[in-house]
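Enquirer: need a structure here:
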Amino acid sequence: MPGYSFTEQLDIPLLLVILFFLFFLGLVYYLRGEDKREGYPLESDRTLGTGGRMKVVGFPPIPSPKTFRLMHGGTVTAPRHEPERELAAFSAYEFPGSPIMPSGDPLVDGVGPAAYALKSDTPDLTNDGSLKLVPLRNHTEYHLEETGTNPIGMPVMSRDGSEVGKVVDVWVNAHEYFPRYLEIETNIESGGKRVLAPVAFATIKDSLGVIRFGQLTRAQFSRVPPLASPDQITMREEDRLNAYFAGGAFYDGSPIEDALS
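Expert: Alright, predicted model coming up:
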């Protein structure tokens, strides 16, 4: 066996390659730990079945808590303890990890496609600290494009072809300048209240002069989550509102023909 030292086979390029792989492995370990600041330990049937003794963490472990300073004041610590949510749902099968099925109204309870996160119950703000989502009635400096359709005053139709109200205002994103929600004044049969509906779920039929939401029936429109304040929407309310409309078509039993097509 020829005699030679290890250093004779180690040159600068090989050393740089070794250092690169060590750095890359350390970076992956660090990033994999940092992304566990949200959502860990996982909510697992194994945790419930062992009375909380088994935590689903994986490798690497959850990092130590870190405090972040928010742009508009205040702090938030992650990871943080979050209280368990009571869901009106049950396991579809007996084995661990089986999907859950709604036992009540899935749109209200927030299950499956209608699920929403418990985000901060405060409004989203722009860089200067003002509200990001605002109604046009409070901000005359914003207006809708004159060459497009103005939805204000147009009647609103539900999935089953019923008129549920009319559009009374438009909420816009004051940071990126585009319409985000339609404010609808519902009629008595639909609850007799003002609710917001995402523009992304609206079908504006110019030829008929109506706006249709094909996700919700008239009965479901009466249960659209209301806002705590008439002039602002919090991030939690926004996530819940979008989830309600997103889950409408999925959880609505038998198909209903489009009465406006």
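
Enquirer: can you pull the buried residues of stretch 166-178?
Expert: Of the residues in stretch 166-178, those scored as buried under the neighbour-count criterion (16 or more other Cβ atoms under 10 Å) are 166-167, 169-174. From N, CA and C alone the C-beta is placed, and that goes for glycine too.

Enquirer: ok, so of those, who is nearest residue 71?
Expert: Distance to residue 71, by Cβ to Cβ, is smallest for residue 174 among the buried residues of stretch 166-178, at 16.3 Å.

Enquirer: so the nearest residue to that closest one once chain neighbours are set aside, which state does it fall into?
Expert: Distances taken as Cβ to Cβ, 6 or more residues apart in numbering place residue 134 nearest to residue 174, at 5.2 Å, with adjacent residues excluded. Under the three-state scheme (DSSP: H, G, I helix; E, B strand; the rest coil), residue 134 adopts strand.

Enquirer: which ones are touching residue 134?
Expert: Applying Cβ atoms under 8 Å, 6 or more residues apart in numbering, we find residue 134 in contact with 142, 171-172, 174, 231-232.

Enquirer: so for the longest strand seen in the chain, what's the average pLDDT?
Expert: Criterion DSSP state E: the longest strand present in the chain is strand 163-173. Throughout strand 163-173, pLDDT has a mean value of 94.

Enquirer: and stretch 112-129, what's buried?
Expert: Neighbour-count burial for stretch 112-129, counted by 16+ other Cβ under 10 Å, picks out 112, 114-116, 123-125.

Enquirer: now do the end-to-end distance for it.
Expert: Across its full length, stretch 112-129 reaches 34 Å between end residues, using Cα to Cα, to the nearest Å.

Enquirer: ok, and what's touching that stretch?
Expert: Residues outside stretch 112-129 that contact it (Cβ under 8 Å, 6+ apart): 71-72, 82, 85, 100, 102, 106-107, 110, 131-133, 174-175, 232-240, 242-244, 246-248, 250-251.

Enquirer: what subset of those is buried?
Expert: The neighbour-count criterion (16+ other Cβ under 10 Å) marks 102, 106-107, 110, 131-133, 174, 232-240, 242-244, 246-248, 251 among the contacts of stretch 112-129 as buried.

Enquirer: can you pull out the strands in the stretch 101-250 of the chain?
Expert: Counting by DSSP state E, counting those that start in this stretch, the stretch 101-250 of the chain has strands at residues 133-135, 155-157, 163-173, 178-186, 194-198, 203-205, 210-212.

Enquirer: mind checking which of the ones you listed is nearest residue 47?
Expert: Comparing these by their distance to residue 47 (Cβ to Cβ), the top pick is strand 194-198, with 34.8 Å.

Enquirer: roughly how far is stretch 94-105 from the heart of the chain?
Expert: Here the centre of stretch 94-105 is set off from its chain's centre by 21 Å, with Cα atoms, centre = their mean, to the nearest Å.
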